[in-house]
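Peer 1: Provide a 3D model corresponding to the input given below.
(3 chains)
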Amino acid sequence: MTAARLFLLQRASAAVLALAVLVHLATIIIAVRGGLTAGEILGRTSGNVAWLAFYALFVIAAAIHAPIGLRNILREWTGWRGRSCDLAMMLLSAALLALGLRAAWAVYAA
Amino acid sequence: MSATLSVSVQRGTDGRRIDRFEVPRQPAQTVLDVVTWIQREADPTLAYRFACRVGMCGSCAMTVNGKPRWTCRTRVETVAPDGCLTLEPLRNMPVVKDLVVDMAPFFAKWTAAHGVFTPRENLGADFAVVPPSSPERRAADAAIECIGCGVCYSACDVVAWRSDYLGPAALNRAWTLVNDVRDGHARERLVAVAGDAGCHACHSHGSCTQHCPKSLSPTASIAGLKRAVLRATLRGEL
Amino acid sequence: MQAHRNHPGWWAALVHRLSGLALAVFLPLHFLALGTALTGADALDRFLDLTASPLVKVAETGIVLALALHLALGLRVLHVEFLPRPERRTRAFVAGCFGISVAATLLFLLNLTA
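Peer 2: Below you'll find the model as predicted:
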């Protein structure tokens, strides 16, 4: 994966996340009024395919964006670089994808 | 206000020795005046660089009170209102002695970034006609005034964190050539700047732009390189 | 702090990086918390009860601030990199990013304590 391709993935996922985070922040600010319960969250997401699709897309974009960002921090602020660092970031990406899609499914299927 | 300035100067090659001098104040004094006084009147072993002393050559660049600047264009009353000056060599470059740095690695990166003009094959015998108002020429002209002083390179945080990063000056020069319609090595240049230590390592901090004595914006030039590489990548040319 | 780093672009970049780091650490925990709903709404409610303490509320506010900052400053990066001319008025721009993020976080805090 070249630097140019990583840059493209980082910026493209950033654009997707920009929209997703705007929606997410608005949802958080509105939903947190008077406290947050499971019923309130699930009442919105349970059985709702639109929210499932939204969160799935959100998770995929985050799973691309975060590890690339972390890779920069590691290479510049710690001594860790090279194949082992890249591998660790790929594993992190897979973990975020798995946990994230699992969470999106959890609030859809509950 | 005291009649003298308190000046600390980094000496040697490893940065561990600091010499202190009391330098007489003069009206409209520049930091170059201060360094020159020290070398002529106090310590002739002090090594430092200057040439034109009028802000044209960039030879006098060094770190003044923590910031990379041209000493000939830095008024003492501006940077040291309290009369305390700290002089150190430019950051991110190997120290030759005292305030003199080895700029060879800096210029080696210009070559590595393909910051060299190579004429196109089919230019013909006549002069190339390049309208100054064309978008490419305007983009090149906005960045062309770089004199290779090294201040941006010294200010760059990414260069400090990654010694292999090509740096703002080399990439800025490459950008002027990307926009030079007479140049024939467009693809080689994009390959050179799109490497692991190339333009994508820039995070747009803007330290280079903040400190450039010629008010250039390597940040903008590097952003242009990122866009050019992106376009070429999407077209499958890279 | 180093004198040559005391400029708006540096602060913007530092806060952008640190907020991203905080979010990257937070995200797996967030996913695990929501994943408790797999065993039913009660499991999620039991987890949410754990978050009732004021310390957690402060941390949540911090994460919302981190999210807003990372978004705003990230949008600025996209603007700097994809607009064909140099950024003018960096100081004002960065101040705007910080201002909008704090405003959004205050709105969150207002609703949190409603």
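Peer 1: C-terminal to the helix or strand bottoming out on mean pLDDT in chain A, what's the next element?
Peer 2: Taking mean pLDDT, DSSP states H and E as the measure, the helix or strand of chain A with the lowest value is helix A:38-45, at a mean of 87. Downstream of helix A:38-45, the next assigned helix or strand under DSSP states H and E is helix A:49-77.
Peer 1: now check that following helix, is it near chain B?
Peer 2: Yes: if you take CB under 8 Å from any CB of the partner chain as the test, helix A:49-77 does meet chain B, through A:Asn72, A:Arg75, A:Glu76, A:Trp77. (C-beta placed from N, C-alpha, C; glycine too.)
Peer 1: Counting neighbours, which of those comes out on top?
Peer 2: In terms of neighbours by other CB atoms under 10 Å in any protein chain shown, the residues of helix A:49-77 next to chain B top out with A:Asn72 at 20 neighbours.
Peer 1: how about the residue nearest to it when sequence neighbours are not counted, what does it touch?
Peer 2: Nearest residue to A:Asn72, sequence neighbours excluded (CB to CB, 6 or more residues apart in numbering or on different chains): B:His203, at 7.4 Å. Counting by CB atoms under 8 Å, 6 or more residues apart in numbering or on different chains, B:His203 touches A:Asn72, B:Asp157, B:Val158, C:Ala13, C:Arg17, C:Val77.
Peer 1: what's the following helix or strand after the helix or strand where the fifth one lies?
Peer 2: Counting by DSSP H and E, the element that carries C:Arg17 is helix C:8-35. Downstream of helix C:8-35, the first helix or strand assigned by DSSP H and E is helix C:41-50.
Peer 1: what packs against that following helix?
Peer 2: If contacts are counted by 3 or more CB pairs under 8 Å, 6 or more residues apart in numbering or on different chains; DSSP states H and E, helix C:41-50 sits against helix A:38-45, helix C:8-35.
Peer 1: how about a cut-off of 6 Å?
Peer 2: Other helices and strands packing on helix C:41-50, by 3 or more CB pairs under 6 Å, 6 or more residues apart in numbering or on different chains; DSSP states H and E, are helix A:38-45.
Peer 1: Near A:Ala26, how many other residues are there?
Peer 2: Neighbours of A:Ala26 using other CB under 10 Å come to 12.
Peer 1: Tell me the pLDDT of the residue nearest the centre of chain B.
Peer 2: Nearest to the geometric centre of chain B sits B:Gly150, at 2.5 Å (CA atoms, centre = their mean). pLDDT recorded at B:Gly150 is 98.
Peer 1: Now do the contacts for it.
Peer 2: By CB atoms under 6 Å, 6 or more residues apart in numbering or on different chains, the contact list for B:Gly150 reads B:Ala61, B:Leu90, B:Met103, B:Phe106.
Peer 1: separation between it and chain A?
Peer 2: To chain A, B:Gly150 is 21 Å away according to CB to the nearest CB, to the nearest Å.
Peer 1: Closest one to A:Arg102 out of the residues of helix A:49-77 next to chain B, please.
Peer 2: A:Asn72 (27.1 Å; CB to CB).
Peer 1: In the contacts of B:Gly150, which residue is surrounded by the most others?
Peer 2: Neighbour max across the contacts of B:Gly150 (other CB under 10 Å) = B:Ala61, 29 neighbours.
Peer 1: Show the pLDDT at that residue.
Peer 2: For B:Ala61, pLDDT reads 98.
Peer 1: Near chain B, which residues of chain C are found?
Peer 2: Residues of chain C lying near chain B by CB under 6 Å from any CB of the partner chain: C:Gln2, C:Ala3, C:His4, C:His7, C:Gly9, C:Trp10, C:Ala13, C:Val77, C:Val80, C:Glu81, C:Pro86.
Peer 1: Save those as CSV, and put in pLDDT, neighbour count and distance to chain A too.
Peer 2: Formatted as CSV, the residues of chain C next to chain B follow (pLDDT from 0 to 100; neighbours: other CB atoms under 10 Å in any protein chain shown; distance: CB to the nearest CB, whole Å):
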residue, pLDDT, neighbour count, distance to chain A
C:Gln2, 86, 12, 15
C:Ala3, 89, 14, 21
C:His4, 89, 23, 17
C:His7, 95, 20, 19
C:Gly9, 96, 25, 16
C:Trp10, 97, 20, 14
C:Ala13, 97, 22, 11
C:Val77, 96, 17, 8
C:Val80, 95, 21, 12
C:Glu81, 95, 21, 7
C:Pro86, 85, 20, 19
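Peer 1: May I ask which two of these are separated the most?
Peer 2: Farthest apart among the residues of chain C next to chain B by CB to CB are C:Ala3 and C:Glu81. That separation is 26.9 Å.
Peer 1: Now do the helices in chain B.
Peer 2: B:31-37, B:76-79, B:104-112, B:135-143, B:151-155, B:157-161, B:168-178, B:186-193, B:207-211, B:218-234 (DSSP state H).
Peer 1: winner for burial among those?
Peer 2: For these, average neighbour numbers computed from mean count of other CB atoms under 10 Å in any protein chain shown are highest in helix B:151-155, which has a mean of 29.
Peer 1: how about the residues of chain B that lie near chain A?
Peer 2: Residues of chain B lying near chain A (CB under 6 Å from any CB): B:Trp161, B:Ala194, B:Asp196, B:His200, B:Val229, B:Thr233.
Peer 1: quick one, phi/psi of the nearest residue to B:Ser2 once chain neighbours are set aside?
Peer 2: Nearest residue to B:Ser2 in three dimensions, chain neighbours excluded: B:Gly83, at 5.9 Å (CB to CB, 6+ apart). Torsion angles at B:Gly83 (phi, psi; degrees, to the nearest 10) stand at phi 80, psi 10.
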